[in-house]
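# the sequence isn't on hand, but the structure is:
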């Protein structure tokens, strides 16, 4: 039968070996992390962004690298997903961007703060995270590319980047996107191109009281978006 | 209660009760926010509620561990504490730092690092305070004639917990390394040295409550803490899968954290076996219920539910979802909250001389809070698994998913209400004991 002294020995030797291995692996990890996280791209601005991220406890609602709270979206790939313009608009006035939805604190960030936070997000998004976050792998709505094929109606224009980064945040198209505004399927049958152009320039001017915010779109993007949206006809489902 | 100075533990436990009650209030604020009732957003935004909720948890647990140490160490060492005045000063300072931190959170004053939100200047005060605590306990142990395994394991656990707070203060501009060091504190606390503290308290309670020979109980204590470190230290790797650290952590973290349930399973078998073996039928049955309940629910919450999402193939999908909240709630409840409530249930009748331990209210508290917590865990589980499938597997929009799973938060709030009822009864019973009584000292209060 196991004696108390051999039980103690098991504890001491086991713990010693594990601590030793853990310390060696830590040294190796410290050596490898700079390459895996592209530390050469970690700019002064991104470091200031990290500081802002911490001093405002962004992790208290969001997750980053999958760590944080589960009240607001995962932000690891937000730079790629939403682009710098949307991030800037969101940080400037979070209440306007998701009207009537779950609220983010209005932090009144300055333009340089916003640049710093965006630089931080960009750096985070470029890390090698061993496959995280994974791409969705179930169901029809899983891929953007797959949608639209075989619908019988030729889709002449591809989705503009601005559509995938911004419009989709609140609007659905073919089952994919947010639930804040109405779905955009068949919007081309309901609205003509001129109206869409005016609408995208300033929703408030067209329909006072609308909840849709004025988005930071360039003239070029408005041309692209209105061309794309106006060809989404009713039967294109 | 044999030694007069043990009574100082009462005040630490009273702080536990107060902070636990506050923690629950902030939990409700978050639960309602998830349901869309965020009327307090302007004053207590979600990130403030969350920081308060988790930091109060850590604070009341540390306060509970300190109280347990002040109660157990004199008896194990067969001498008075070196100073009760300093112990009370240490408690006062601890509470002052904690209150400052919690108020600061409401005014955007924090470090914003999950679980370690306390701002840096206050971190230093925490270190000073904990050093004073370690000094008081250490000096008492040092000057004692008797050194039991239970007291050594308890002291070693407390000392390591204090030392492991330091890596959390390493300054780095890399988010990856920031996270790397943060887990040295958080993981090595809860899946490492806190288990030593828990094991030692468990061992003390089993010796007292079951009457099984100390040698046997302490021998198995070594085996269990041995398994804890064998699995837990390299098991830290399960936090290093997806944060920008090398790929080998997937193998190491996966393999070793798969062993973590063994330590908890060992603890459960150990507690049940000792309780069966013990011939003594101790009058404090509720304390035994909490002790055995702790060993079982810590296996379910920390062991089994931890294992459920610890393998890298699974964690790839569940990482950063409500599945973590599911595991977190029952793990902290089963392992640490219950062991503290067990030592409170055991020691307060001895300190106050009032035998309310097996009162109807206390038995009600045990069952209601446990059933409530099990239901809360189920609600989180359904919400978390739905989130994983809808958001991660199918690519649905974050906010749309949150609306889909809103109904489970209604379930959560109902379960939490049941839990709160149980905790309310526990606290009410605690108040009914009154303050420590000089007459209770010097006698084995359980011999009538």
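Received it, and whenever you're ready, just let me know what you need. Quick caveat, the model's predicted, so the values are computed rather than measured.

# nearest residue to residue 170 other than its sequence neighbours?
Going with chain A. residue A:180 (3.7 Å; C-beta to C-beta, 6 or more residues apart in numbering or on different chains). From N, CA and C alone the C-beta is placed, and that goes for glycine too.

# actually chain B
residue B:181 (4.7 Å).

# my read is that the one you found contacts residue B:164, right?
No - with contact defined as C-beta atoms under 8 Å, residue B:181 does not reach residue B:164; the gap is 10.4 Å.

# and the stretch 1-150 of chain B, which residues reach chain A?
B:30, B:33-34, B:36, B:38, B:41, B:45-48, B:50-51, B:105, B:108, B:110-114, B:117, B:149 (C-beta under 8 Å from any C-beta of the partner chain).

# and residue A:182, that one's in a helix?
No - judged by DSSP: H, G, I helix; E, B strand; the rest coil, residue A:182 forms no part of a helix; its state is coil.

# which parts of chain A are strands?
Assigned by DSSP state E, chain A shows strands spanning A:63-64, A:67-68, A:172-173, A:176-177.

# give the pairing partners of the second one; include direction for each.
Read that as strand A:67-68. Next to strand A:67-68 in the sheet, as set by DSSP bridges, lie strand A:63-64 (antiparallel).

# so who does the residue in chain A that chain B sits nearest to touch?
Chain A approaches chain B most closely through residue A:60 (2.5 Å), counting by C-beta to the nearest C-beta. Neighbour list for residue A:60: A:68, A:69, B:45, B:46, B:47, B:48, B:50, B:51, B:112, B:117 [criterion: C-beta atoms under 8 Å, 6 or more residues apart in numbering or on different chains].

# ok now do the first one, which residues does it touch?
Pointing back at residue A:68 there. A:58, A:59, A:60, A:61, A:62, B:114, B:320.

# kindly report the same for the third one.
For residue B:45, the contacting residues are A:60, A:61, A:103, A:105, taking C-beta under 8 Å, 6+ apart as the criterion.

# show the backbone phi and psi for it.
phi -60, psi 160 (degrees, to the nearest 10).

# and the contacts of residue A:68, which is closest to residue A:229?
Nearest to residue A:229 out of the contacts of residue A:68 is residue A:62 (C-beta to C-beta; 30.3 Å).

# near residue A:213, how many other residues are there?
18 (other C-beta atoms under 10 Å in any protein chain shown).

# regarding the chain, what is its longest helix?
No chain in the question, so chain A it is. Among the segments of chain A that qualify as a helix by DSSP state H, the longest is helix A:4-36.

# looking at chain B here, not the other one
helix B:46-77.

# and it, what does it pack onto?
helix B:9-34, helix B:84-105, helix B:120-142, helix B:149-163, helix B:194-210, helix B:338-352 (3 or more C-beta pairs under 8 Å, 6 or more residues apart in numbering or on different chains; DSSP states H and E).

# how about residue 88, what does it touch?
Just going to use chain A. Listed by C-beta under 8 Å, 6+ apart, the contact partners of residue A:88 are A:114, A:118, A:216.

# wrong one, I was asking about chain B
Taking C-beta under 8 Å, 6+ apart as the test, what residue B:88 contacts is B:8, B:11.

# quick one, the longest helix of chain A and helix B:194-210 angle?
150 degrees (axes from the mean of the first three to the mean of the last three C-alpha atoms, to 10 degrees).

# quick check: residues of the stretch 301-448 of chain B near chain A?
Proximity of the stretch 301-448 of chain B to chain A is confined to B:316-317, B:319-322, B:324-325, B:387, B:389, B:392-400, B:402-403 under the rule C-beta under 8 Å from any C-beta.

# in helices, which of those appear?
Filtering those for helices - DSSP H - leaves B:316, B:317, B:322, B:324, B:325, B:387, B:398, B:399, B:400, B:402, B:403.

# of these, grab the buried ones for PyMOL.
Filtering those down to the buried ones (16 or more other C-beta atoms under 10 Å in any protein chain shown) takes a single PyMOL command:
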select buried, chain B and resi 316+317+322+324+325+387+398+399+400+402
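
# and the least confident of the contacts of residue A:60?
Minimum pLDDT for those is recorded at residue B:112 (89).

# check whether the lowest-mean-pLDDT helix or strand in chain A contacts chain B.
Within chain A, no helix or strand scores below strand A:176-177, which has a mean of 88 by mean pLDDT, DSSP states H and E. Yes - Strand A:176-177 reaches chain B (C-beta under 8 Å from any C-beta) through A:176, A:177.

# that strand packs against which elements?
Against strand A:176-177 (3+ C-beta pairs under 8 Å, 6+ apart) you get helix A:168-170.

# residues making contact with the helix it packs on?
Applying C-beta under 8 Å, 6+ apart, the contact partners of helix A:168-170 are A:82, A:86, A:97, A:98, A:176, A:177, A:178, A:179, A:180, A:181, A:212, B:397.

# over to residue B:7: give its phi and psi.
phi -60, psi -20.

# coming back round to it: now render the contacts of residue A:60 as a markdown table, adding distance to residue B:4.
Formatted as a markdown table, the contacts of residue A:60 follow (distance: C-beta to C-beta, whole Å):
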| residue | distance to residue B:4 |
| --- | --- |
| A:68 | 47 |
| A:69 | 45 |
| B:45 | 47 |
| B:46 | 46 |
| B:47 | 45 |
| B:48 | 42 |
| B:50 | 41 |
| B:51 | 39 |
| B:112 | 44 |
| B:117 | 38 |
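
# any regions of the chain where pLDDT drops low?
Reading this off chain A. Applying pLDDT under 70 to chain A flags the ranges A:140-156, A:235-237.

# ah, no, chain B please
B:442-448.

# now it against chain A: closest residue?
residue B:47 (2.5 Å).

# can you count the residues close to that residue?
Residue B:47 has 26 nearby residues by other C-beta under 10 Å.

# residue B:186 now?
Neighbour tally, residue B:186, other C-beta under 10 Å: 20.

# repeat for residue A:7
When neighbours are defined as other C-beta under 10 Å, residue A:7 has 20 of them.

# in terms of helices and strands, where is the closest residue to it other than its chain neighbours?
Spatially, and ignoring its direct neighbours in sequence, residue A:7 is nearest to residue B:222 (3.8 Å; C-beta to C-beta, 6+ apart). In this structure, residue B:222 is located in helix B:214-235 according to DSSP states H and E.

# what residue is smack in the middle of the chain?
In the absence of a named chain, this looks at chain A. Among the residues of chain A, the one closest to the centroid is residue A:78, at 2.7 Å (C-alpha atoms, centre = their mean).

# you answered for a different chain; I wanted chain B.
residue B:336 (3.0 Å).

# pretty sure residue A:28 contacts residue B:245?
No - Residue A:28 is not in contact with residue B:245 according to C-beta under 8 Å; the separation is 9.9 Å.
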